[in-house]
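[1] Structure for this input, please:
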Amino acid sequence: MPIENNQADGLQLIVPNLHRRYSGVTATNRMVAPKLAKLFRAAWLGSHAPDGIARMTFADLLPLWRRQTPLIWHARRNDEMIVGVVLRALGWPFKLVFTSAAQRHHTWLTRWLVRRMDAIIATSALSASYLKRESTVVMHGVDIDRYAPPVDRAAAFAESGLPGRYAIGCFGRVRAQKGSDVFVDAMCKLLPRYPDFTAVIVGAVVPEQQGFANELKRRIEAAGLQSRIIITGELAIEEVERWYQRLTIYAFTSRNEGFGLTLIEAMAAGAALVASRAGAAEYVVEEGVTGVLTPPDNVDALVNALEPLMRDPQAAAAMGERARARVVEKFSLDAEANGIAAVYRALA
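    Numbers count the residues shown, from 1 in each chain. Prediction:
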């Protein structure tokens, strides 16, 4: 759906995505952009454009030069902030917005760029604390219809063809930052005690992490669990959604994270949650109600939190129902879009 000339005249929002590799930032951007496009005349600039929003190219920016009506440029990465700052200096009528999910001290370049933004959105209060300037907290949301519980979770799992009756999962790129090794080590301890469970890691193995992935496979083979700890590799988004529906328990094992979108995706699908205190977990999870929180990088703590749920799958299912209800109430895409829209309107 390319942008038309009449759309350019009335354009209110540009959503740049200037990162070629698909990432968590891209995923969150793709989900909320179509919602924003229902509230503003919007266009997507860059790769991985979702349905539901017009697409534009850099050539489409030329007619907007020195336009009188302000235009929002909503960046989510340094390179997108840089492009916005440069284009505004050259005469494009941009109001610059930046969303920050980072939970760390920023580089001098990021700090310099942030000072040049007209508005800042943080995805959690902790992210906001690192920005050193006023910001608005708008937490990420998830498509509660797309990431919905299955009609029959047992049937959804059976469809996978894996052994056992229940699945426990950990999603994201296979690397140390995501705690994939923590998950594997916990599963090597737990799965021999709980033969009804199979573990699945859904995520890509990028070339620079191949050695790390090979070491995980070695540990799995040494434990004799090749048929019960599965690494799927990269999957189409539709298949990832189906894997969420097969889970009884989701383990969020990141050592550090910006937000951790898989938290709310798994909760929306009705999985019980055990989450390390990384990203937005402490803001998303109600301890003991919609999930259990553990220290990052701690295999024993993960084992101790998972075992009661694996011992009692019905209790896990009840926790998953509460988790789904919390996401519907607090973390829908509509809630995120409305929060972002309020920032845009304040600029206008």
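[2] For Ala199, see how far away Met310 is.
    Met310 sits at a distance of 10 Å from Ala199 (criterion: Cβ to Cβ, to the nearest Å). Placement of C-beta: from N, CA and C, glycine included.
[3] where do the contact lists of the two overlap?
    Common contacts of Met310 and Ala199, defined by Cβ atoms under 8 Å, 6 or more residues apart in numbering, comprise Ile168.
[4] Just want to know which of these two has more residues nearby.
    For the pair Met310 and Ala199, the greater number of neighbours falls to Ala199 (25 against 21), based on other Cβ atoms under 10 Å.
[5] So that one sits against Cys188, correct?
    No. When contacts are counted by Cβ atoms under 8 Å, Ala199 is not listed as touching Cys188 (9.4 Å).
[6] Spit out the residues that contact those two alike.
    Ile229.
[7] Now do the longest helix seen in the chain: everything it contacts.
    Ranked by residue count under DSSP state H, the longest helix found in the chain is helix 313-330. The contact list for helix 313-330 (Cβ under 8 Å, 6+ apart) reads 139, 142, 144, 149, 153, 165-166, 196, 248-249, 264, 266-273, 284, 286, 289-291, 308-310.
[8] all strands for the chain, in order.
    Chain-ordered strands for the chain, with DSSP state E as the definition, fall at 13-17, 42-46, 54-56, 71-75, 94-100, 119-122, 136-137, 166-171, 197-202, 229-231, 247-252, 272-276, 292-294.
[9] okay, those strands in a markdown table with distance to Val240 next?
    Below are the strands of the chain laid out as a markdown table (distance: least, Cβ to Cβ, whole Å):
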| stretch | distance to Val240 |
| --- | --- |
| strand 13-17 | 19 |
| strand 42-46 | 21 |
| strand 54-56 | 23 |
| strand 71-75 | 25 |
| strand 94-100 | 23 |
| strand 119-122 | 26 |
| strand 136-137 | 27 |
| strand 166-171 | 7 |
| strand 197-202 | 6 |
| strand 229-231 | 14 |
| strand 247-252 | 11 |
| strand 272-276 | 17 |
| strand 292-294 | 23 |
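[10] Relative to Ala335, which of the ones you listed is closest?
    Nearest of the strands of the chain to Ala335, taken as Cβ to Cβ: strand 136-137 at 12.1 Å.
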